[in-house]
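Chemist: What shape does this take:
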Amino acid sequence: MRYLNSAAIGLALSLTSAFSLHAQKLTAHRQFLSLEPYYASTWMDSGGGADREMFSAYGARLWINLAPFSGPPTNLIGRSTLSLFTTYQPDQKDAGFSVTFYGAEIAHHFIDVPVANLFDPFFVLGIGDQRTNVFAGGDDGIVHRLAVAPGLGLRIPIPNRLQLRLDAKDILTFPEGADGKRRTLQSVQATIGAGLTF
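Modeler: So this is what the prediction gives:
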């Protein structure tokens, strides 16, 4: 037990030292953590050559700034954030289905500091499970699909630890068609969120 306590104390001190060493990378513009609810509009590709139809969704993400875990000089990791997210699209327009998309995403801020200390652009790549709950037309059931979501975004820091974040993503899923062949569906999603940073 004594050795376990010593190991735990040593690990805690190491993590504290690592965070302190790179704390200078965390400015008022890029805090360590952010909790962010958001609203999303999704232009969903249902396949079959039909036009995309717009649906509303709601979600939340928790992201962590990776800067304290990167070594000097500032590198790819040091300008990135990692987040966990979930987006829920309730049944609308008598569509007969709802969609939940959850997973993880990494955002890379490709400039060292926000432009004019205000505009902080980034690339983003998300991956997760798109869970569709179908409850109409006699086809009740749950369908799971791998979804990959590349995109671009803009983060706008606000004094007193607030921020706005705008994203535009292309959500790609790969269902199997009636002929047994894989196809690619592309649904476009735009989000706007307000975050509290720590």
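Chemist: which residues touch whichever strand or helix holds residue 36?
Modeler: Taking DSSP states H and E as the criterion, the element that holds residue 36 is strand 33-44. In this structure, residues lying in contact with strand 33-44 by CB atoms under 8 Å, 6 or more residues apart in numbering are 52-65, 81, 87, 89, 163, 165, 171, 187-198. To be clear about C-beta, it is placed using only N, CA and C from the backbone, and glycine gets the same treatment.
Chemist: Repeat that for stretch 177-196.
Modeler: Outside stretch 177-196, the residues touching it (CB under 8 Å, 6+ apart) are 34-47, 52, 57, 59, 61, 149, 151, 161-176.
Chemist: Could you double-check that residue 64 sits in contact with residue 82?
Modeler: Yes - counting by CB atoms under 8 Å, a contact exists between residue 64 and residue 82, whose distance comes to 5.6 Å.
Chemist: Could you pull up the residues touching the residue nearest the centre of the chain?
Modeler: The central residue of the chain, meaning the one whose C-alpha is nearest the mean C-alpha position (CA atoms, centre = their mean), is residue 105 at 4.3 Å. Contact criterion CB under 8 Å, 6+ apart gives 61, 82-83, 85, 124-127, 149 as the residues in contact with residue 105.
Chemist: how close does it sit to residue 111?
Modeler: When distance is defined by CB to CB, to the nearest Å, residue 105 is 19 Å away from residue 111.
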